[in-house]
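Colleague: just to be clear, the model below is a prediction. Sequence and coordinates:
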Amino acid sequence: GENVEQHPSTLSVQEGDSAVIKCTYSDSASNYFPWYKQELGKGPQLIIDIRSNVGEKKDQRIAVTLNKTAKHFSLHITETQPEDSAVYFCAAKKTRSQGNLIFGKGTKLSVKP
Amino acid sequence: DAMVIQNPRYQVTQFGKPVTLSCSQTLNHNVMYWYQQKSSQAPKLLFHYYDKDFNNEADTPDNFQSRRPNTSFCFLDIRSPGLGDAAMYLCATSRGGGADTQYFGPGTRLTVL
């Protein structure tokens, strides 16, 4: 089955710096890759997603890149702000399957003022 | 404006005492999911409903069951909670399966005494 590895597990940056979180997946049939942000005591919130027919997607300060050949995808946050501090999860899914969104183990991002 | 609603937000039960967690949605989505999330871990899918079709994950304990009486509501029943069942329980919905975005509720934090 699919396995998603996520690195690093913790990341600390200064406000204004960029943050990069990387994920690799094992199943080449996976073709949908969402990123979720989870603040303490809350449910995960989708922040960006990418499908395998594109290599990059950007939404203001957030971007995701996908390398299908290498089976890895990355989240890039520029100009980080303290409110970006949270746990970020990557996930992978085969679009033909119904339920199985396979999550990485999460990255705790701390943005220091 | 809340789209996926979970009640209660915090639930305390005693070891072995049945408990029911509730999820409702205003999105009219076909699919509803239940995830278990333990501290510092990724969400783990327990089961999901596609309309009325129930799909159980292979490793979900028999102690966990679910009901979906209509499109809007889905319940998670834990028949005999053990200490190891203490966790955050997350409900999510999506329009369909495949690459449709999953929207998460705020979660119910279950404590087992």
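Modeller: Cool, the structure landed.

Colleague: residues from chain B in reach of chain A?
Modeller: When proximity is defined by C-beta under 8 Å from any C-beta of the partner chain, chain B lies next to chain A at B:4, B:6, B:31, B:33, B:40-43, B:45, B:47-48, B:50, B:55, B:57, B:90, B:92, B:97-99, B:101-107, B:109. For every residue, glycine as well, the C-beta is placed using N, CA and C.

Colleague: if any of the residues you listed are buried, put those into a ChimeraX selection.
Modeller: Under the burial definition 16 or more other C-beta atoms under 10 Å in any protein chain shown, those of the residues of chain B next to chain A that qualify are selected in ChimeraX by:
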select /B:4,6,31,33,42,43,45,47,48,50,55,90,92,97,99,102,103,104,105,106,107,109
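
Colleague: which ones among the residues of chain B next to chain A lie within helices?
Modeller: With helices identified by DSSP state H, none of the entries of the residues of chain B next to chain A belong to them.

Colleague: quick one: B:Asp77 and B:Leu45, what's the gap?
Modeller: Noted for B:Asp77: a distance of 17 Å to B:Leu45, by C-beta to C-beta, to the nearest Å.

Colleague: what's the helix or strand of chain A with the lowest mean pLDDT packed up against?
Modeller: Sorted by mean pLDDT, DSSP states H and E, the helices and strands of chain A end with strand A:102-103, the least confident at a mean of 92. Packed against strand A:102-103, as judged by 3 or more C-beta pairs under 8 Å, 6 or more residues apart in numbering or on different chains; DSSP states H and E, are the following elements: strand A:86-92.

Colleague: for stretch B:12-21, output the C-alpha coordinates as CSV.
Modeller: Listed next in CSV are the C-alpha coordinates belonging to stretch B:12-21 (Å, rounded to 0.1, in the frame of the first residue of the first chain):
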residue,chain,number,x,y,z
VAL,B,12,-15.4,12.2,28.9
THR,B,13,-16.5,8.7,29.4
GLN,B,14,-15.7,5.8,31.7
PHE,B,15,-13.8,2.7,30.8
GLY,B,16,-16.2,0.3,29.1
LYS,B,17,-19.1,2.8,28.9
PRO,B,18,-20.6,3.2,25.4
VAL,B,19,-20.2,6.6,23.8
THR,B,20,-21.5,8.2,20.7
LEU,B,21,-19.9,11.0,18.8
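
Colleague: could you point out which element follows the least confident helix or strand of chain A?
Modeller: Downstream of strand A:102-103, the next assigned helix or strand under DSSP states H and E is strand A:107-112.

Colleague: quick check: angle from that next one to strand A:86-92?
Modeller: Regarding strand A:107-112 and strand A:86-92, their directions subtend 150 degrees when assessed with axes from the mean of the first three to the mean of the last three C-alpha atoms, to 10 degrees.

Colleague: using neighbour counts, pick out the buried residues of strand A:107-112.
Modeller: Within strand A:107-112, the residues scored as buried using 16+ other C-beta under 10 Å are A:Thr107, A:Leu109, A:Val111.

Colleague: parallel or antiparallel, list what pairs with that strand.
Modeller: Strands that pair with strand A:107-112, judged by DSSP bridges, come out as strand A:10-14 (parallel), strand A:86-92 (antiparallel).

Colleague: kindly export it (C-alpha atoms) in CSV.
Modeller: Written as CSV, here are the backbone C-alpha positions of strand A:107-112 (Å, rounded to 0.1, in the frame of the first residue of the first chain):
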residue,chain,number,x,y,z
THR,A,107,5.7,18.8,10.6
LYS,A,108,5.5,21.1,13.5
LEU,A,109,6.4,24.6,12.2
SER,A,110,7.3,27.3,14.6
VAL,A,111,7.7,30.9,13.4
LYS,A,112,9.5,33.1,15.8
